[in-house]
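Engineer: From the sequence below, what's the structure:
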Amino acid sequence: MAILNVKDIFHDLHQIPEIGFQEFKTSAYLADKLRELGYKVTTNVGGTGVVGVVKGAEPGPVMLLRADMDALPFVINGEHKAIHACGHDAHCSMVLAAASNLKDKIKKGTLKILFQQGEETLKGALAVIDAGVLEDVDIAVGLHIRPVQDLPFGKLSPAVRHASSTFAKVKITGQSCHGSRPHLGVNAVEAAAAVINAASGVRINPVISWSCKATAVNGGGNAYNIIPDHAEITFDVRCQENEGMTELLGKLQKAAENVAAAYGATAEFSLPGGVIPAAVLDKELTAEVAECIKEVVGEENLGEELVNPGGEDFHYFAKTYPKLKSAYFGVGVAAEPGLHDPNMHFNIDGLQAGVEVLEKITLKKLG
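Structural biologist: Residues are numbered from 1 along each chain as shown. As a prediction, the model looks like this:
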């Protein structure tokens, strides 16, 4: 089987964007290519996930290369569209191209190729974990193209350290009454405003990067002259460390409940999407990735590690399996104007470097 060209794969995948857990064409394409390469392929993993496996003749670790598959949903001029505005088509292209070159070079251990569904839903990694894909994995490597604000074209970062992130919802329940007799009720909207102000006063260690901001407020009575008995606040919460996130959420919940109680209302605190863990990357593996980057593009194009407040469900792997060694590197392709912009574009000439770094780190472990 000829070595697959990363640009050709990208052009194919870019034409079939699909949102999370609906990546039917994408997963079929990737599964077919893996079969042609000679991988043992399992489809419908946790939904639409695809796993390809090749084993070496000698004992060794199980190493996983992971790429996310899903595009983002947009409404443009009233039309619902899926657009690859985060580069997941590029990630699949790099991992598949690397897989094509690695197939006959694995001498020890096992190489697993994972094309993961639904990263943008932040539930895809949990789905493949529940399916048992990570149970035997010792090493996991992921990657992401970077916007031009992070890395210039041609540079690669050995680590992208994502933050822990979540959406916290606070449901305020008060007592409805007529606006002419407000003393008979409890105004949930006023209580919500006080909760938002209280949240702005929450503090944790300032050495840790964190944020807690109200991003949506919904509430009101059945008419404008009715004191409202319900309101709901959504907070976007982020913290660079998992322990800090636990402290931050505890203080936010306490502030919401106590302030609501002071107004005579109640506050129900929930995390409907769960908490995405912060990156906990293996130091030695990250250092090896850095060496691979220098071998591929030269020391002058080794970028700094990136501290990123965004969330990434790849980090569920190491949280669920603490003994797993993980690395997650960034590929500078000058993506602009920014990730998740429907007009996002980048220089695909930068993808080959990502392919070669994947190959080198894999062969260090399994070659």
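Engineer: What strand or helix carries residue 140?
Structural biologist: Here residue 140, judged by DSSP states H and E, is contained in strand 139-147.
Engineer: Could you please name the strands that strand pairs with and the direction of each pair?
Structural biologist: strand 58-68 (parallel), strand 325-335 (parallel) (DSSP bridges).
Engineer: Distance from the last one to the middle of the chain?
Structural biologist: In this case it means strand 325-335. The chain centre lies 13 Å from the centre of strand 325-335; the measure is CA atoms, centre = their mean, to the nearest Å.
Engineer: what stretches of this protein score poorly on pLDDT?
Structural biologist: Applying pLDDT under 70 to the chain flags the ranges 1-2.
Engineer: domain ranges for it?
Structural biologist: Here the domain parsing of the chain from automatic domain parsing is 6-163+279-366, 166-270.
Engineer: now do the same end-to-end measure for the last one.
Structural biologist: Going back to what we said before, that points to domain 166-270. 10 Å (CA to CA, to the nearest Å).
Engineer: Also stretch 38-50?
Structural biologist: End-to-end distance for stretch 38-50, by CA to CA: 14 Å.
Engineer: before we move on, what about stretch 45-62?
Structural biologist: 18 Å.
Engineer: I'd like the numbering to begin with 83 instead of 1 from here.
Structural biologist: With the count now opening at 83, the last piece we talked about shows up as stretch 127-144.
Engineer: can you pull the buried residues of it?
Structural biologist: By 16 or more other CB atoms under 10 Å, the buried positions in stretch 127-144 come out as 127, 128, 129, 130, 131, 132, 133, 134, 135, 136, 142, 144. Heads up, the C-betas are built off the backbone N, CA and C, glycines and all.
Engineer: Could you do stretch 343-353 as well?
Structural biologist: Applying 16+ other CB under 10 Å to stretch 343-353 flags 345, 347, 348, 349, 351 as buried.
Engineer: Just the closest of those to residue 96, please.
Structural biologist: Within the buried residues of stretch 343-353, the smallest distance to residue 96 is 41.3 Å, found for residue 351 (CB to CB).
Engineer: dump the residue contacts of that closest one.
Structural biologist: Contact partners of residue 351, counting by CB atoms under 8 Å, 6 or more residues apart in numbering, are 250, 251, 252, 334, 335, 338, 339.
Engineer: Just say helix, strand or coil for the closest residue in space to residue 318 that isn't next to it in sequence.
Structural biologist: Leaving out its chain neighbours, the residue that sits closest to residue 318 by CB to CB, 6 or more residues apart in numbering is residue 297, at 4.8 Å. Classification of residue 297 using DSSP: H, G, I helix; E, B strand; the rest coil returns strand.
Engineer: what's the neighbour count on residue 297?
Structural biologist: Using other CB atoms under 10 Å, residue 297 has 10 other residues around it.
Engineer: How much space separates it from residue 269?
Structural biologist: Counting by CB to CB, to the nearest Å, the gap between residue 297 and residue 269 amounts to 22 Å.
Engineer: can you map out the helices along this protein?
Structural biologist: Remark: helices assigned in the chain by DSSP state H are 88-96, 106-119, 170-184, 206-212, 270-281, 324-344, 365-379, 398-402, 433-448.
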